[in-house]
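Visitor: need a structure here:
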Amino acid sequence: MGFPNIHYIAPAILYMNPGINRDEYFNLLNKTHGSSWAWHSGEGSEKVPLTYYDPAQEDSLFHSLDGLASLLHLGYSDEYNVFRETRWDANDLPIKPIFFYPDFPEKGKYTAFIHETNKLDTEKQITFYGTRKIKPGYIDSFRDETGESLKKALMHNMMGDASILAYIKEIHSKKFAGLETDHEFGDKIAFYKYVASIVPFEKIQRKEVFDSEKDMLKNWPILTSERMYAWDKERGGFMDFVDRLDGFEWYKKDGKYYLDDCLLDKISASSYRQLILTAEAIKVGAWKPLSYAGYAWWGQFLTEYPDARKTFEIAGYFSQHSLSAKHENLTNTEFLRRIVLGGNHYTDFYSDNSNSDF
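Guide: Got it, this is the predicted structure:
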């Protein structure tokens, strides 16, 4: 088939504008109005113009550098990956990466929690129940369950009774304590009763509060879109919000972005037609088809925009014959002969039936 599709907006921009730099790419995406919400899908929605969109429900992916990085499936830069790694102190305890929390504790504020070190407490011996294969060095929140039955200990844990963060220094004994039913999945789980020496510790953190995201990024520039993402990547695929968009790839040369040269070797004829129709919808500002379930409006789109319909027919005709020729191992001469002498002119190829499997 083939219809305008929100997931094809990013490759369609490159299809229409090969050789654009990053800022140009962002500016063109920023002018689109796609959404994973439906632009008027209820009763009477067919009367809403195809150019309609609601700014409050647009997808932010098309309106930020972070979104562009996601659509291009860039991944994080090496610098940022190092920044977010867990480090280890002299006692082999983790130093967690910096954690940023927006709107906490005051509305409109940005707070950074910087884990600086760990403060050890006095070693102690406790009894507790567990299900995992626990070894010395294991870190968790523990509660001394000496003298408690398994059921009583589990009840206290469900109630969130106070526990302490610690690591296990030595396991003195481990005995099977019984089976209990998992409340979520209904499976039987084996529990063991441990007697171990633990070393409690406290995470020493400092807190930095910023009045705005701009102030936060000024102090922590590693979090800017410029440094967070791998903009030096030379080739990649596109994301469709959740997963990779099959077959579509881009490459970068001298700082400019292009669709992959071998596009038709990697995508289906249907995907190619969707790319063409998405590009046509962007050209005329038809945003309703570029929303959730936008395929419902593709027939109306082709009716209201005859130039787009003609481009669609040509794309369908030539892509179908090109792929057919490839599968049949035709030479270029044989392919051209089929196109020129094949019988039907491309303007007769498209059916008015919008439910066609074309």
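Visitor: For the strand or helix carrying Y129, name the packing helices and strands.
Guide: Assessed by DSSP states H and E, Y129 sits inside strand 124-130. Secondary-structure packing of strand 124-130 (3 or more Cβ pairs under 8 Å, 6 or more residues apart in numbering; DSSP states H and E): helix 150-158, strand 188-210. To be clear about C-beta, it is placed using only N, CA and C from the backbone, and glycine gets the same treatment.
Visitor: Just want the angle from it to strand 188-210.
Guide: Between strand 124-130 and strand 188-210, the angle comes out at 120 degrees (axes from the mean of the first three to the mean of the last three Cα atoms, to 10 degrees).
Visitor: one step back: could you dump the helices and strands packed on strand 124-130 to a markdown table with mean pLDDT, distance to D140 and mean neighbour count?
Guide: Output for the helices and strands packed on strand 124-130, formatted as a markdown table (pLDDT from 0 to 100; distance: least, Cβ to Cβ, whole Å; neighbours: other Cβ atoms under 10 Å):
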| stretch | mean pLDDT | distance to D140 | mean neighbour count |
| --- | --- | --- | --- |
| helix 150-158 | 83 | 12 | 14 |
| strand 188-210 | 93 | 9 | 15 |
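Visitor: List just the one of the ones you listed that sits closest to I20.
Guide: Among the helices and strands packed on strand 124-130, the nearest to I20 by Cβ to Cβ is strand 188-210 (34.0 Å).
Visitor: so how far is the helix or strand just after the closest one off the chain centroid?
Guide: Per DSSP H and E, the first helix or strand lying C-terminal to strand 188-210 is helix 213-219. Taking the mean of its C-alpha atoms, helix 213-219 sits 24 Å from the chain's own mean (Cα atoms, centre = their mean, to the nearest Å).
Visitor: in helix 213-219, what's buried?
Guide: Along helix 213-219, these residues count as buried under the neighbour rule (16 or more other Cβ atoms under 10 Å): M216, L217.
Visitor: Begin at 25 from now on, thanks
Guide: New numbering, starting at 25: the last item is helix 237-243.
Visitor: could you give the mean pLDDT of that helix?
Guide: For helix 237-243, mean pLDDT is 90.
Visitor: Which strands or helices does that helix pack on?
Guide: Going by 3+ Cβ pairs under 8 Å, 6+ apart, helix 237-243 lies up against strand 134-144, strand 212-234.
Visitor: do you know which of the helices and strands packed on strand 148-154 lies nearest Q149?
Guide: Nearest to Q149 among the helices and strands packed on strand 148-154 is strand 212-234 (5.1 Å), distances taken as Cβ to Cβ.
Visitor: Mind listing the strands that closest one pairs with, and their directions?
Guide: In the sheet containing strand 212-234, its partner strands are strand 134-144 (antiparallel), strand 148-154 (antiparallel), strand 188-205 (antiparallel), by DSSP bridges.
Visitor: Throw those into a markdown table and include mean pLDDT, distance to A320 and mean neighbour count, thanks.
Guide: Supplementary listing: the strands paired with strand 212-234 in a markdown table, determined by pLDDT from 0 to 100; distance: least, Cβ to Cβ, whole Å; neighbours: other Cβ under 10 Å:
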| stretch | mean pLDDT | distance to A320 | mean neighbour count |
| --- | --- | --- | --- |
| strand 134-144 | 93 | 41 | 16 |
| strand 148-154 | 94 | 54 | 18 |
| strand 188-205 | 93 | 47 | 14 |
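Visitor: Now tabulate the ones you listed in JSON lines and tack on distance to A317.
Guide: Below are these laid out as JSON lines (distance: least, Cβ to Cβ, whole Å):
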{"stretch": "strand 134-144", "distance to A317": "36"}
{"stretch": "strand 148-154", "distance to A317": "48"}
{"stretch": "strand 188-205", "distance to A317": "42"}
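Visitor: E250: which of those strands is closest?
Guide: Proximity to E250 (Cβ to Cβ) singles out strand 134-144 among the strands paired with strand 212-234, at 18.2 Å.
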